[in-house]
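Need the 3D shape of this:
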Amino acid sequence: MRQKEMFKFYIRRIYRHIGTFLKWCVFATIVGLVVGGFSTLFAYCLRKVTDFRTVHPEMILLLPAAGALIVFLYGIFQYKNDKGTNMVLSTIHAETELPFRMAPLIFISTIITHLFGGSAGREGAALQLGGSIGNQLGRWFRFDEKDRRIVVMCGMSAAFAAIFGTPVAASIFAMEVVSVGIMYYAALVPCVFASLIASKVATDMGINPSLFAISHIPEFHLLPSVKVILLALCCAGLSVIFCMVLHSLGDFYRAKLRNPYIRIIVSSGIIVLLTIVLHTSDYMGAGVPVIENAIKGEVRPEAFLLKIIFTALTIEAGFKGGEIVPSFYVGATFGCLFGQILGISPSLCAAVGMIAVFCGVTNCPISSMLIAFELFGYEAVPYFMIAISVSYLMSGYYGLYHDQTIVYSKYKTEYINRKAQE
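Okay, here's the model as predicted:
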C-alpha cells in the first residue's frame with residue numbers, strides 16, 4: 001500500500017513538472033515572438049535614424065529641442081520619475097511595479113535620442129522594452145507575483161537577444177544582472193527559449209548580429225598574459241570611473257538643475273558645443289563604427305575619455321538609451337590604445353578591453369564570457385578568461401544599476417546583500 005502511494009506521489013510530481021515545462025514553453029514562445037517582433041522594429045528604426053543622422057550630422061544642432069520633446073512626452077504620460085533599467089531590476093526584486101507605458105516611451109525617446117546625436121546605446125533601452133512588455137503579458141495571463149518576475153527576465157532576454165544578436169549571453173544576462181552572486185535558475189527555460197526565438201525572429205527580419213574578427217591573437221604565453229592582466233586592471237579602474245562619472249553627474253544635475261527642461265537643454269547645449277569644437281561625429285549615437293575601427297587597430301587616443309563624458313551628459317540629462325554599448329566603446333578604444341603603447345596586438349586588446357569594461361560595469365562575469373564567445377569566437381578564450389576574472393574582482397561593488405543587489409561578496413565566501421555602489 002505504501003509503495004502504491006509513493007508511486008502515485010511521483011506520478012503527480014512528474015505531471016506537475018511537465019505542466020510547468022509546457023506552461024513556460026508556450027509562454028516563452030509568445031514572449032519571444034512578441035518581444036522579438038517589437039525589438040526587431042526597434043532595431044530597424046534605430047538603424048534607419050542612425051543612417052539618416054550619419055548623412056546629416058547637422059541634426060545634432062536640434063538636440064536641445066529633441067531633449068525638450070522627450071521631457072514633454074514623459075510629462076504627458078505622467079511618468080516623470082523614470083529610473084530606467086533600475087526600474088526593471090526593482091520589479092524583479094518585487095520592490096516596484098513596471099508600468100506598461102514604459103515600452104512606448106522608451107521606444108520613441110530612444111529613437112529621438114539617436115536621431116539627433118545623443119551618445120547612448122540600445123541594449124539598456126531593449127531591457128526596459130522587453131521587461132515592460134513581458135510584465136504586461138504576465139498580467140494579462142494572470143500570473144502570480146513570483147511568476148511575473150520570471151516573465152520580466154524572459155522579456156529582458158528576448159529583447160537583448162533580438163537587438164544585439166547574442167541569444168546565449170542574453171538568456172543568462174537577465175538572470176545574472178539582478179543579483180550578483182546568485183542566479184534565478186527558475187527562469188532558465190523561459191529565458192533560453194524566449195531569447196532563441198526572439199533572435200531567430202530578428203535574424204529572419206534582416207537584423208543581423210554584430211560579429212567582430214580579431215586580426216591577430218598572440219600565442220598564450222607568460223608575457224602577453226601579464227600584459228592582459230595589466231589591461232584588465234586598467235579596465236576595472238576605468239569601469240569604476242565610468243560608473244562614478246555617470247552617477248555623480250546625475251546627482252549634480254538633480255541638485256543644481258531640478259527643472260527637467262533646463263537640465264536637458266543645458267546638457268544638450270554642452271554636447272552640441274563639444275561636437276562643434278571637436279569637429280567629429282564619433283561620439284554620436286552608440287558608436288559601433290568606432291568600436292569596429294578599434295578592433296581593426298585604429299583609435300584616437302582621447303576617444304575613451306570623451307565617450308564617457310558624452311554618455312554621461314546624454315543619459316544623466318534625461319535622454320534615453322543605454323550604457324552597455326558605450327561601455328563597449330570605452331573598453332574597445334582604451335584597449336586598442338593600450339595595445340599600441342605596450343606592443344601587444346591592438347585588435348586583441350580592443351576586444352579584451354571591451355569585454356572587461358562591460359564586466360566591470362555590470363558585475364556579470366558569466367554573461368561577459370558568453371558575449372565574448374558569441375562576438376569574437378573561441379580562439380582568444382584564455383585572454384578573455386583572465387581579463388573578465390580580474391576586472392570582476394578589482395571593480396569592487398560599483399555598477400551601472402544602483403538597484404542591482406550584491407548578494408555575495410566578491411572577496412570572501414560570505415553573504416552581504418547590499419546595493420551596487422554609485
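
Distance check, Arg53 against Glu323.
20 Å (C-beta to C-beta, to the nearest Å). C-beta coordinates here come from the backbone N, C-alpha and C atoms, glycine included.

out of these two, which sits in the more crowded spot?
Glu323 (26 against 19; other C-beta atoms under 10 Å).

Now do the residue lying closest to the more buried one once chain neighbours are set aside against Phe77, distance only.
Leaving out its chain neighbours, the residue that sits closest to Glu323 by C-beta to C-beta, 6 or more residues apart in numbering is Leu400, at 5.1 Å. Distance, Leu400 to Phe77, using C-beta to C-beta: 24 Å.

Just give me the neighbour total for the residue nearest to Glu323.
When neighbours are defined as other C-beta under 10 Å, Leu400 has 28 of them.

Same question for the one 3 residues further on.
Around Asp403 there are 21 other residues, counting by other C-beta under 10 Å.

in what helix or strand does it lie?
According to DSSP states H and E, Asp403 maps onto no helix or strand at all.

Run a quick check on it versus Lys419, I expect a contact.
Yes: with contact defined as C-beta atoms under 8 Å, Asp403 reaches Lys419; the gap is 6.9 Å.

Output the lowest mean pLDDT helix or strand found in the chain.
helix 85-92 (a mean of 68; mean pLDDT, DSSP states H and E).

ok but Lys320 is inside a strand, no?
No: looking at Lys320 with DSSP: H, G, I helix; E, B strand; the rest coil, it is coil, so not inside a strand.

give the contact list for it.
Going by C-beta atoms under 8 Å, 6 or more residues apart in numbering, Lys320 touches 70, 84, 105-106, 109-110, 112-113, 120, 125.

Leaving out sequence neighbours, find the closest residue to Ile271.
Excluding its sequence neighbours, the residue lying closest to Ile271 (C-beta to C-beta, 6+ apart) is Leu313, at 5.3 Å.

what's the helix or strand harbouring the one you found in contact with?
Using DSSP H and E, Leu313 sits in helix 303-315. Here helix 303-315 makes contact (C-beta under 8 Å, 6+ apart) with 113, 118-120, 238, 241-242, 245-246, 249-250, 267-268, 270-271, 274, 278, 282-283, 287, 290, 294, 321, 323, 326, 329-331, 333-334, 337.

switch to 7 Å and redo it
For helix 303-315, contacts defined as C-beta atoms under 7 Å, 6 or more residues apart in numbering pick out 113, 118-120, 242, 245-246, 249, 267, 270-271, 282-283, 287, 290, 321, 323, 326, 329-330, 333-334.
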